[in-house]
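In: Provided below are the primary sequence and the corresponding predicted coordinates.
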Amino acid sequence: MDLSFGPEYEEFRAEVQTFLREHGGRSPQNAGMRAPESLAWQKLLIENGYTARTIPKEYGGFGAPPDIIKSRIIAEEFADARVNTGLGGQGISMLVPTLLEMGTEAQKLELIKPTIQGEMIWCQGYSEPGAGSDLASLTTRAVLDGDEWVVNGQKIWTSTAQLADWIFCLVRTEPDAPKHKGISFLLFKMDTPGIEIRPLVDMTGVANFNETFFTDVRLPKDQIVGQRGEGWMVANAVLGHERDSLGNPNNTLMRLNALTELMKTETVGGERLIDNPVYRDRLMQIQGRVMAMRFNDLRVLSSRLNKGQDAALARMIVKLQGTELRHDLEGMAIDILGEVGLSYGDNPHTRSAGSWQSQYMYYLGLIIGGGTSQIQKNIISERGLDMPREPKVEKAG
Amino acid sequence: MRFGLSEEQTLLEDSVNRFLRDHVALDRVRTYADGDSDDDIWQGLTELGIPALLVPEAQGGVELSPLDAAVVAESLGYHVAPGPFLGSAVMAPTALASAGDHDEELSALAAGEFRIGIAFGESIGRRIEAQVTAAGGRISGSSLFAFDADADAYLVADSNHHLYLVRAAATGLERAVLTTVDRTRRTVELTYNNVEAELVSDDTSVYEATLDIGRVMLAADTLGAAQAMIDQAVAYAKQREQFNRPIASFQAVKHMCAEMTASLEPCRAMVWFAAHALADLPDEARVTACHTKAHLAEVGKFVAKTATEVHGGMGFTDLLGLHYWFKRCGSNRQWLGAPELVREEAAQLQGLA
């Protein structure tokens, strides 16, 4: 048991802290993805190795060797200082890692640099109205016509589609192959004729997502990652990256601290919420759960640093447990606020900038998105506990 | 950075598991439940050095860490093994070593020749029918649910959190077995009729350190017992067929197993951290011990119920014996502070109550 990162890393932590002291004040707050201050901040972070850290220099990154501890220290210090960690989005978090693993040299050179610099914004075209948990049954199709793919179909849950320059999209190119082997991973521009975007307002009242329709959308034949029919494999490399970030216990800890602070300051009938023994017990239950997930996270981190430590199950349960825990935490704040907990939007009585209701709903979205809790349970039982899959049902008729 | 068990700890775990698998299978647990002694089990564990684990080297111990003890507690829970481990190998050595001046008892504990039980009921949840009064080297009143029944002496805590050592053979001490649902451990009611009691420590930090490590060990015991229940449930579901297929292929059953696993897996890291904190992170030790005790109690309760349900009617039978694990999780939950009480302590320790 050794929980320290060692003197070399403490030195690195001090460097990050110095950077944050000198520059943290300039970090953009609530600026859009296209705002000049967002792009300038992103450039500064890349130059200092605080984002795109391990992406090779020739593709516009900082070019540092992978170092899990340094990445973690950066994340911890930025979170502590509440400083913007740079641009995210599905291009940076999902497409870039995939291109690095599966893309051609030409694709890497052309696409990675503008993406990480924030000049090329991406959206993801995976889910369809008829293909959610069973994503591999997707029916958006592409056929070759000379040197061009022609795409027809519909995608849903395409966040940032209205902003995006490009889309990475799963389409069926081999209609006669088994469903997992008939999919290809295509890249195309969002200003191509034949693309229609309709905002999809969700329960939070905001259009966080879109529906995206394709009618005879034409793109060059070589805008494909991997070979024809390999799209499922390519996409799975990316989904792994997404799942790792959902349910992060360090963000949950920040919300727990905010909830504790709320309970110490908010009074009902002259009594602080923390002085109500029922509420206090609920807070302690949540604190215990957050603690367990933080230590679980340490175990996962340790298994990545030390050969021979098995933490496969510990890692597999994070999305399920982490998102449910976060939803419970946000919901508890609403409960103890009583009627005031209903406040939303421009209501002058909202607490904590109205974040409890919006996060409560947003995390219900995350329980469903990125592989629903039920799909997570299938994964845990089948891959983690080696239980058999549900037998396939023959199609009726 | 390395968060996890060392190679030595894994070896310790393997050797304890091997002994328990070979010598303390469910049949042996049943004979203990029916009244047999646990002497041979403790003798076997003594040969593995378990009673000496936390005793200082100067008194013939091996002076290992609470994490090593947690590894053993988890194995004991996994096998629902009887034996005086919690008192004799963990809480008593912790109390006597931090109080000082008990070389003789510590040496005897390390050798497995002396068993010290725990009577903490008074300090945790004082009852109208059992109150302890200590004065002038004598103790009166009674303690409920002292553990274990065959101890040579008892470490008694009073409501001031002072610790006393009372010999089982002392004049005026009566001992009566109390039946509980958990028959893998035998508990007693101790009645003190002006019995000679030696003050071990009036420093409440000694009491606290003893209580904290006891709570973490109970959490570790639940970790093992609950893991055993999941393992049994998964194995049973793979083998049991209904509607012409293993019930493990039904999502309803799979999801129960996944939920148990998802709840219990983080508990492993929590027990490790809590045990590590007892020795190395004094600022975090007390709150973490409380939360670990309470959280494992909740998860243990959920797993005990769910794993029993996965077994269907068989889970409810005595024949299968799954109930020994169910009840072990239940008694770990109640002992040394049930969840609500321990969580309130966690709040107090943080200045929230």
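Out: Here it is on my side, so go on.

In: going forward, measure contacts and count neighbours with C-alpha atoms only.
Out: Noted.

In: now do the helices in the chain.
Out: Using chain A here. Secondary structure of chain A (DSSP state H): helices at A:7-23, A:36-48, A:68-80, A:89-90, A:96-102, A:105-107, A:113-116, A:231-245, A:249-265, A:277-305, A:312-316, A:318-337, A:355-368, A:373-379.

In: meant chain B actually
Out: Counting by DSSP H, the helices of chain B are B:7-23, B:26-33, B:39-47, B:66-78, B:92-99, B:103-110, B:121-124, B:204-239, B:251-280, B:282-310, B:323-334, B:339-349.

In: out of those, indicate the one that is most buried.
Out: Of all the helices of chain B, helix B:66-78 has the most neighbours on average by mean count of other Cα atoms under 10 Å in any protein chain shown, namely a mean of 26.

In: before we move on, back to that, got a markdown table for the helices of chain A, with mean pLDDT too?
Out: Shown next, in a markdown table, are the helices of chain A (pLDDT from 0 to 100):
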| stretch | mean pLDDT |
| --- | --- |
| helix A:7-23 | 96 |
| helix A:36-48 | 96 |
| helix A:68-80 | 90 |
| helix A:89-90 | 88 |
| helix A:96-102 | 94 |
| helix A:105-107 | 97 |
| helix A:113-116 | 98 |
| helix A:231-245 | 76 |
| helix A:249-265 | 93 |
| helix A:277-305 | 96 |
| helix A:312-316 | 95 |
| helix A:318-337 | 97 |
| helix A:355-368 | 95 |
| helix A:373-379 | 96 |
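
In: turn those into a markdown table, columns for distance to chain B.
Out: Below are those laid out as a markdown table (distance: least, Cα to the nearest Cα, whole Å):
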| stretch | distance to chain B |
| --- | --- |
| helix A:7-23 | 11 |
| helix A:36-48 | 25 |
| helix A:68-80 | 9 |
| helix A:89-90 | 27 |
| helix A:96-102 | 26 |
| helix A:105-107 | 36 |
| helix A:113-116 | 30 |
| helix A:231-245 | 15 |
| helix A:249-265 | 8 |
| helix A:277-305 | 5 |
| helix A:312-316 | 6 |
| helix A:318-337 | 7 |
| helix A:355-368 | 14 |
| helix A:373-379 | 5 |
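
In: using a markdown table, please lay out those helices together with mean neighbour count and distance to B:I41.
Out: Listed next are those as a markdown table, based on neighbours: other Cα atoms under 10 Å in any protein chain shown; distance: least, Cα to Cα, whole Å:
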| stretch | mean neighbour count | distance to B:I41 |
| --- | --- | --- |
| helix A:7-23 | 14 | 46 |
| helix A:36-48 | 18 | 61 |
| helix A:68-80 | 16 | 45 |
| helix A:89-90 | 19 | 58 |
| helix A:96-102 | 18 | 55 |
| helix A:105-107 | 12 | 65 |
| helix A:113-116 | 22 | 63 |
| helix A:231-245 | 17 | 45 |
| helix A:249-265 | 17 | 42 |
| helix A:277-305 | 21 | 33 |
| helix A:312-316 | 19 | 33 |
| helix A:318-337 | 22 | 38 |
| helix A:355-368 | 20 | 47 |
| helix A:373-379 | 20 | 39 |
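
In: reformat the ones you listed as CSV; add distance to A:F213.
Out: Listed next are the helices of chain A as CSV, based on distance: least, Cα to Cα, whole Å:
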stretch, distance to A:F213
helix A:7-23, 43
helix A:36-48, 30
helix A:68-80, 37
helix A:89-90, 19
helix A:96-102, 24
helix A:105-107, 25
helix A:113-116, 24
helix A:231-245, 20
helix A:249-265, 35
helix A:277-305, 40
helix A:312-316, 34
helix A:318-337, 30
helix A:355-368, 22
helix A:373-379, 27
